[in-house]
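**Q** Quick one: sequence plus predicted model below, questions after.
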Amino acid sequence: MTKVDLSPRPVEAMSPRQLERRDNLIAAALALVNEIGVERLQMKQVCERSGVALGTAYRYFSSKDHLLAAAIAEWHRLLLADLVAELRGPRAGLGATDRAVRFVRGGMRAYQRQPELARLRVAVAASTDPFASEALQGMARADSTALQAVTAEVPAAASELVRHIVAHAWQGELTAWVTGRTTLGDARRRLEDVVRLVLAPYETHYPAPYEVQSTG
């Protein structure tokens with residue numbers, strides 16, 4: 001008996017029309033999460049909102065967890081792109097520590113504005129769905145790439161560890177806030193303190209512009 005492969009279609013193998021359907025499912029899922037929360041959301045509702053048949057939806061996402069993980073990963077990817085672009089503008093002259101602090105501060109504020117998406121990020125992190133895990137691994141890679149862009153001064157030998165520490169601190173403080181173990185203000189302060197601590201050894205200090213230098 002031939003075994004039928006029920007795995008969702010890989011994104012890289014999708015046609016433009018299929019990618020459009022996938023994007024519609026993701027957009028509908030994000031909208032519904034903001035409206036009714038993660039727990040109440042059902043695949044049927046996402047399909048009705050997106051105009052994609054339920055059977056078709058499962059060709060793109062293996063489960064609700066897979067869809068939600070892909071949705072938060074896409075939203076988070078766009079957030080990271082905006083944060084990095086902002087730091088490449090008028091603030092490009094900042095040091096690595098200041099850039100990284102502004103980066104995580106902006107990220108926390110974005111989740112503060114959409115707390116249901118913060119809850120979604122925490123919820124999908126506990127999923128055991130293998131396809132959801134792949135989406136979350138992609139989000140972790142996006143975090144690492146964005147942090148590398150804003151902390152380019154950190155030597156290559158230390159960069160991976162620094163990015164790992166900051167990304168995990170961000171996830172940890174977001175989780176603590178969402179689960180009610182801390183306030184948003186305390187979570188943000190601790191996260192920024194972690195950033196300053198791990199980047200301090202790589203910060204370049206220059207004399208003040210009008211500082212009188214000793215001639216000995």
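**A** In hand now; what should we look at? In this text, all values refer to a predicted model and were calculated from it rather than measured experimentally.
**Q** which other residues reach stretch 13-25?
**A** When contacts are defined by Cβ atoms under 8 Å, 6 or more residues apart in numbering, stretch 13-25 is touched by residues 9, 11, 46-47, 50-52, 56-57, 60-61, 67. Heads up, the C-betas are built off the backbone N, CA and C, glycines and all.
**Q** Got a ChimeraX select line for the buried ones in these?
**A** To isolate the buried members of those in ChimeraX, using 16 or more other Cβ atoms under 10 Å:
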select :46,47,50,52,57,60,61,67
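**Q** Report the two of the contacts of stretch 13-25 separated the most.
**A** Pairwise distances across the contacts of stretch 13-25 peak at 19.8 Å for Val11 and Gly51 (criterion: Cβ to Cβ).
**Q** Can you pull the poorly scored residue ranges out of the protein?
**A** Counting by pLDDT under 70, the chain shows low-confidence ranges at 1-6, 89-92, 204-216.
**Q** host element of the residue nearest the centre of it?
**A** Centroid check for the chain by Cα atoms, centre = their mean gives His76 as the closest residue, at 3.7 Å. According to DSSP states H and E, His76 maps onto helix 64-87.
**Q** Moving C-terminal from that helix, which element do we reach first?
**A** The helix or strand immediately downstream of helix 64-87 is helix 96-113, counting by DSSP H and E.
**Q** hmm, who's touching that following helix?
**A** Contacts to helix 96-113, defined as Cβ under 8 Å, 6+ apart, come from residues 79-80, 83-84, 86-87, 91, 94, 117-118, 121, 146-147, 150-154, 166, 170, 173-174, 184, 187-188, 191-192, 195-196, 199-200, 202-203.
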